[in-house]
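J.: Dropping the sequence and predicted coords here.
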Amino acid sequence: MSESFHRPRFSDSMSRRDLLKMGAAAMAGTAGMDWSQQELEAADSKRPQVAGIFTQFFYCSHAYHIFHPFLGPYLFNGKLLQPQCDVVSLYGDQFKEGDLSRGVAKKFELPFYKTIGEALRRGGDELAVDAVLSIGEHGDYPDTKYGQTMYPRKRFFDEIVDVMKQSKRFVPVFSDKHFSYRWDWAREMYDTSRKYEFPMMVGSSVPLAQRTIPLEIPEGTELEDAVSIHGGPIEKYDIHGLEVLQSMVEFRKGGETGVSSVQFLKGDDLIKAGREGRWSMKLAEAAMQAELGKSKRGLFDPINKEGTSEPHGILLEYKDGFRATMLKIGTNGVRWNFACQVKGEATPKATSFFPGPWGNRNLFRAFSHAIQHLFVHKEEPYPCERTLLMTGVLDVAMHSYFEKGQALMKTPQLEIAYKPKNFNPFREMGASWDVITKEMPLPQDFVEADPQPK
């Protein structure tokens, strides 16, 4: 691996460093200043050695995008940053036509191993890495009868933990997207991380997207209702829509208390429930207006040139009495909208999450930036309880739909309380879109240099 990809280049002047800190602080608040300082301090300490584990690695796959900022400079909030970790070993579960992993391994002189254990031990007898990047998304895996792809995230996690237990050393673990398609496995993964006291990061990248209409929910805000909206397929995109919702409402007064009931509804049943006031059509309209602007259109009318698709929703009631709804409207895969009602205010607050000119692909830079923080500082950038809770909600919703005839289901197992954490330092605030524009083509080669800031 070339020197430029191994070590951060801090040959710039002190004014450049100061500019980095000031720019981050301006965009992310005081916490951003702290994070920038941590970045500079980390450059002088030992760089974490990372094992990369993935299901498949092809163009525009999750592995492709997540590895990119680990192997070369990456753009975040308009600044071209250097990776803070070194990937030192690889394990791939499947290799399809168009696989890129072996070319990347050759280019960066990264050894491949036949098992996850060998990749973590790097040919020795003990754990020989400081962090693990586990990407269980994409690949040829069967679906459950509930429409959930059986990605081997739990198997990956178990094999990682086995090595750490044998070596009596525990390191940070990132596991892509939601914990597992099974709630009992998800809970076991979380409980294991708490038992052995290693930090873990899971979940969606979408909460890190730019909010086109500035909207913050200060901790302690008294919310009455909330809605998030996406335009993607069932289950695979529902987890993103749920995390967008939860990343906002977890800051409400009293903190997170957990979810007491879940119901999946679609089509006419969903619309009927909205007309009955079981979920807020007013908030849904405000959320869509944040994306499309005010127009004379029905909430479920066709949107521009999008194809028609049956809407569906997941209705949540929380232990503290708060309610919220995740909706799927239209077919736009980069639709990420949110609206909420603050107690005592007449007008809803709403925003749209903009992933960037290259669609959802842009989000992986901010995502990988947060993962590197986990690895360098051994600190979760935001609570993994958020994703644990939404993993459980999604699992129950799929059972409600496929097994229980869209029945409302009580969820005492999801009454999980946690305290939110300010994650503004890890959000893309929009400065990168002064560099990456819609006219600029997406790079075709792996780790082709990110555009230089203008």
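T.: Nice, thanks for sending it over.
J.: Check which helices and strands the lengthiest helix in the chain sits against.
T.: Across the chain, the longest stretch assigned as helix under DSSP state H is helix 385-402. Applying 3 or more Cβ pairs under 8 Å, 6 or more residues apart in numbering; DSSP states H and E, we find helix 385-402 packed against helix 183-195, strand 200-203, helix 238-249, strand 259-266, strand 312-318, strand 409-410. C-betas here are computed from N, CA, C, even on glycine.
J.: switch the cut-off to 6 Å
T.: helix 183-195, helix 238-249, strand 259-266 (3 or more Cβ pairs under 6 Å, 6 or more residues apart in numbering; DSSP states H and E).
J.: the helices in the stretch 101-250 of the chain, which residues?
T.: 101-107, 116-121, 153-167, 183-195, 238-249 (DSSP state H, counting those that start in this stretch).
J.: Give the full set of residues in contact with residue 150.
T.: By Cβ atoms under 6 Å, 6 or more residues apart in numbering, the contact set of residue 150 is 141-142, 181.
J.: measure it to residue 185 for me?
T.: 11 Å (Cβ to Cβ, to the nearest Å).
J.: follow-up on the earlier one: generate CSV for the helices of the stretch 101-250 of the chain, with mean pLDDT and mean neighbour count as supplementary columns.
T.: Shown next, in CSV, are the helices of the stretch 101-250 of the chain (pLDDT from 0 to 100; neighbours: other Cβ atoms under 10 Å):
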stretch, mean pLDDT, mean neighbour count
helix 101-107, 94, 16
helix 116-121, 98, 21
helix 153-167, 98, 19
helix 183-195, 98, 17
helix 238-249, 98, 26
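J.: Mind checking those helices for the one nearest to residue 91?
T.: Of all these, helix 116-121 sits nearest to residue 91, with 4.0 Å by Cβ to Cβ.
J.: Just the CA coordinates for the closest one, please, in CSV.
T.: C-alpha atoms of helix 116-121 as CSV (Å, rounded to 0.1, in the frame of the first residue of the first chain):
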residue,chain,number,x,y,z
ILE,A,116,-13.1,-14.5,9.4
GLY,A,117,-11.0,-15.9,12.3
GLU,A,118,-7.9,-16.0,10.1
ALA,A,119,-8.5,-12.4,8.9
LEU,A,120,-8.7,-11.2,12.5
ARG,A,121,-5.6,-13.2,13.6
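J.: Give me the residues contacting that helix.
T.: 51, 53, 89, 91, 113, 127-129, 159, 163.
J.: If we use 8 Å, what do you get?
T.: 51-53, 89-91, 113, 127-129, 132, 156, 159-160, 162-164 (Cβ atoms under 8 Å, 6 or more residues apart in numbering).
J.: Out of the helices of the stretch 101-250 of the chain, the one nearest residue 422 is which?
T.: Across those, closest to residue 422 is helix 238-249 (Cβ to Cβ), at 11.3 Å.
J.: what helices or strands is that closest one leaning on?
T.: strand 223-230, strand 312-318, strand 323-328, strand 336-342, helix 385-402.
J.: related to what we said a few turns ago, turn the helices of the stretch 101-250 of the chain into a markdown table, including distance to residue 286.
T.: Conversion of the helices of the stretch 101-250 of the chain to a markdown table gives the following (distance: least, Cβ to Cβ, whole Å):
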| stretch | distance to residue 286 |
| --- | --- |
| helix 101-107 | 44 |
| helix 116-121 | 46 |
| helix 153-167 | 35 |
| helix 183-195 | 32 |
| helix 238-249 | 14 |
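J.: what's the closest of those helices to residue 380?
T.: Here helix 183-195 is closest among these (Cβ to Cβ), at 9.5 Å.
J.: angle of the closest one against helix 153-167?
T.: 30 degrees (axes from the mean of the first three to the mean of the last three Cα atoms, to 10 degrees).
J.: which helices and strands sit right next to helix 183-195?
T.: Helix 183-195 packs on helix 153-167, strand 200-203, helix 385-402, going by 3+ Cβ pairs under 8 Å, 6+ apart.
J.: now with 6 Å?
T.: helix 153-167, helix 385-402.
J.: contacts for the shortest one?
T.: Read it as helix 153-167. Under Cβ under 6 Å, 6+ apart, the answer for helix 153-167 is 53, 116-117, 120, 126-127, 132, 134, 136, 170, 175, 180, 185, 189, 192.
J.: Equivalent analysis for the last one, please.
T.: Contacts of helix 385-402 from elsewhere in the structure, counted by Cβ under 6 Å, 6+ apart, are 146, 178-179, 183, 186, 190, 202-203, 238-239, 242-243, 246, 259, 262-264, 314, 406-407, 409, 411, 414, 416, 418.
J.: Using CSV, write out every CA atom in that helix.
T.: What follows is helix 385-402, C-alpha atoms only, in CSV (Å, rounded to 0.1, in the frame of the first residue of the first chain):
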residue,chain,number,x,y,z
GLU,A,385,-29.7,1.3,21.1
ARG,A,386,-31.4,3.4,18.4
THR,A,387,-30.8,0.7,15.8
LEU,A,388,-31.6,-2.1,18.3
LEU,A,389,-35.0,-0.5,18.9
MET,A,390,-35.7,0.0,15.2
THR,A,391,-34.5,-3.5,14.3
GLY,A,392,-37.1,-4.8,16.7
VAL,A,393,-39.8,-2.5,15.3
LEU,A,394,-39.0,-3.7,11.7
ASP,A,395,-39.1,-7.3,12.7
VAL,A,396,-42.5,-6.9,14.4
ALA,A,397,-43.8,-4.9,11.5
MET,A,398,-42.9,-7.8,9.1
HIS,A,399,-44.7,-10.3,11.3
SER,A,400,-47.7,-7.9,11.5
TYR,A,401,-47.8,-7.8,7.7
PHE,A,402,-46.9,-11.3,6.6
